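[1] Compute the structure for the input listed below.
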Amino acid sequence: MKNNCYASASFGLESIVARELKELGIENIRTRDARVYFDADEEEIIKANLWLRSADRIYIVLGEFRATSFDELYDSIFDMEWQEILPKDAYISVNGDTVRSTIMSVSDVQSVTKKAIVSKLKEKYGISFFRENGEEYPVYVSIIRDNVTVALNTSGEGLNRRGYRVANVKAPIRETLASGIIHISRWSDRPFYDPMCGSGTIAIEAAMKAKNIAPGLRRKTAIERWNSELEQTAVRLRSEAKASIIEDPEVLIHASDIDVSCVESAKRNARKAGVEDIIRFSAGDVRRFRPETEEGTIIINPPYAIRLNNSKEIDDLYAAIGRIYRKLSGFRLYSICADEDFAEKFGMKEDSKRKLYNGNIRCYLYQYFKRRENGKE
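    Residues are numbered from 1 along each chain as shown. All right, here's what the predicted structure looks like:
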């Protein structure tokens, strides 16, 4: 049976997630702000959790209705057939959000939702006490302009939790955003450079894509804990994913950073991700960046002035990177940055700019497409 589902995503990555779903053979894909809806059976939901690189979580939509009071919210949730969804020992966690709605208290939304679900299950199962000593079923209630969506979170923790980040650095880029930027760049097999690698996330995500490593390979999601059949399906799909890994892809990936401790952290993370063998790590200042090839893709996540007191230092860094890039031929450059005047400081107007979010920070992906004199990329 097909379920109405949606993948949550950072603003600006909806079309990327839609493209990923299409590549998985998922049907009836529809995009909205920060969500991509689709139809999927349970196996396809598990596959989406296993393979989507740019999505945050996967949800099954259980009900949609309008509510402008807590009484309406309670009654509508109570009227849902929860006994067909949850076993009588389910541990029910409720999260939610509310935007531009009459009901604004998220904590009260959570409390009312939990009360309505438990009351319905106690009635249907004929029990006076609901123990909640079984597997967790995360319920998510979203209210936007008084329109309520009640959904089941099949992912559990966010899909950005790949399981490889064992060594962290300050202000790391989210794994799903890094992967989304790589998708936007259309990178596949060109030489790849990240000369400001930090904890290595961008290079690692590129290497995982090159080796066809499923991003969810090292983690269990909520749905596969709900019953033995779902668990067996997840085990089979994970086994198939392992068998599809490309051990020695013909790609060149370079990652460097001026901070030696960052390079060491990046190496540890790459080793955990199983991609250390195809990434060349080195210590070096981006101001003296010299690629080893005549063409390639450069993706950088430079520091943002809003995070540092010394904006003059950041301005000089942007200008230095721009001077280096203008000397290169055959390279595409992508820079994720929160500074709206990055291009001016960089010294070149971007060929394309895309609004994205790094956590709760509004950023722009500045895209530069260099071409050789003969017009070829």
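[2] So for Ala207, what's the nearest residue that isn't a sequence neighbour?
    Nearest-residue entry for Ala207: Val275, 3.6 Å, with adjacent residues in sequence omitted and distances by C-beta to C-beta, 6 or more residues apart in numbering. Every residue, glycine included, has its C-beta placed from N, CA and C.
[3] Would you mind measuring from the residue lying closest to Arg225 once chain neighbours are set aside to Ile92?
    In space, and not counting its chain neighbours, Arg225 is closest to Glu135: 4.7 Å by C-beta to C-beta, 6+ apart. Distance check for Glu135 against Ile92: by C-beta to C-beta, to the nearest Å, it reads 10 Å.
[4] which of those two has more neighbours?
    Under the neighbour definition other C-beta atoms under 10 Å, Glu135 and Ile92 were set side by side, and Ile92 has more, 18 against 15.
[5] Wait, a strand at the more buried one?
    Yes. Under DSSP: H, G, I helix; E, B strand; the rest coil, Ile92 falls within a strand.
[6] in this protein, which helix has the most residues?
    helix 106-125 (DSSP state H).
[7] Show me where the stretch 251-377 of the chain dips below the pLDDT cut-off.
    The model of the stretch 251-377 of the chain has pLDDT under 70 over residues 304-310, 370-377.
[8] which residues in the stretch 51-200 of the chain form strands?
    Here the stretch 51-200 of the chain has its strands, by DSSP state E, counting those that start in this stretch, at 57-66, 91-99, 136-144, 147-153, 192-194.
[9] could I get the ones you listed as JSON lines with distance to Ile336 and mean pLDDT?
    Output for the strands of the stretch 51-200 of the chain, formatted as JSON lines (distance: least, C-beta to C-beta, whole Å; pLDDT from 0 to 100):
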{"stretch": "strand 57-66", "distance to Ile336": "22", "mean pLDDT": "98"}
{"stretch": "strand 91-99", "distance to Ile336": "25", "mean pLDDT": "97"}
{"stretch": "strand 136-144", "distance to Ile336": "27", "mean pLDDT": "98"}
{"stretch": "strand 147-153", "distance to Ile336": "27", "mean pLDDT": "98"}
{"stretch": "strand 192-194", "distance to Ile336": "11", "mean pLDDT": "98"}
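[10] Point out the most buried one among these.
    By mean neighbour count, with neighbours taken as mean count of other C-beta atoms under 10 Å, strand 192-194 ranks first of these at a mean of 27.
[11] Compute the number of surrounding residues for the closest residue to Gly216 other than its chain neighbours.
    Taking C-beta to C-beta, 6+ apart, and ignoring the residues beside it in sequence, Gly216 has Leu50 as its nearest neighbour in space, at 4.2 Å. For Leu50, the count of nearby residues is 21 (other C-beta under 10 Å).
[12] Let me see the contact set for Leu50.
    Residues near Leu50 by C-beta atoms under 8 Å, 6 or more residues apart in numbering: 214-217, 221, 234, 237-238, 241.
[13] for those residues, which one is nearest Ile103?
    Distances from Ile103 to these, taken as C-beta to C-beta, are shortest for Thr221 (29.5 Å).
[14] wait, doesn't that closest one sit right on Trp51?
    No. Contact criterion C-beta atoms under 8 Å: Thr221 and Trp51 do not qualify, at 11.7 Å.
[15] re earlier: whichever of the contacts of Leu50 end up buried, select them in ChimeraX.
    In ChimeraX syntax, the buried subset of the contacts of Leu50 is picked out as below (16 or more other C-beta atoms under 10 Å):
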select :214,215,216,217,221,234,237,238,241
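[16] And the contacts of Leu50, which two are furthest apart?
    Maximum pairwise distance among the contacts of Leu50 (C-beta to C-beta): 14.5 Å, between Pro215 and Ala234.
[17] sorry, back to before: please spell out which residues along the longest helix of the chain are buried.
    109-110, 112-114, 116-118, 120-121.
[18] Adding pLDDT and distance to Arg225 as columns, could you present those residues in a markdown table?
    Output for the buried residues of helix 106-125, formatted as a markdown table (pLDDT from 0 to 100; distance: C-beta to C-beta, whole Å):
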| residue | pLDDT | distance to Arg225 |
| --- | --- | --- |
| Val109 | 98 | 25 |
| Gln110 | 98 | 22 |
| Val112 | 98 | 26 |
| Thr113 | 98 | 21 |
| Lys114 | 98 | 20 |
| Ala116 | 98 | 24 |
| Ile117 | 98 | 19 |
| Val118 | 97 | 20 |
| Lys120 | 97 | 22 |
| Leu121 | 97 | 19 |
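[19] Any chance of CSV for those, columns distance to Lys22?
    Shown next, in CSV, are the buried residues of helix 106-125 (distance: C-beta to C-beta, whole Å):
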residue, distance to Lys22
Val109, 33
Gln110, 34
Val112, 38
Thr113, 33
Lys114, 36
Ala116, 36
Ile117, 34
Val118, 39
Lys120, 37
Leu121, 37
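[20] Buried residues, the helix or strand encompassing Lys47. List them.
    Following DSSP states H and E, one finds Lys47 within helix 42-51. Across helix 42-51, burial judged by 16+ other C-beta under 10 Å covers 42, 44-51.
[21] Can you show me the helices along this structure?
    So, for the chain - with DSSP H - the helices run 14-23, 42-51, 70-78, 106-125, 175-185, 201-210, 228-243, 260-273, 311-326, 342-346.
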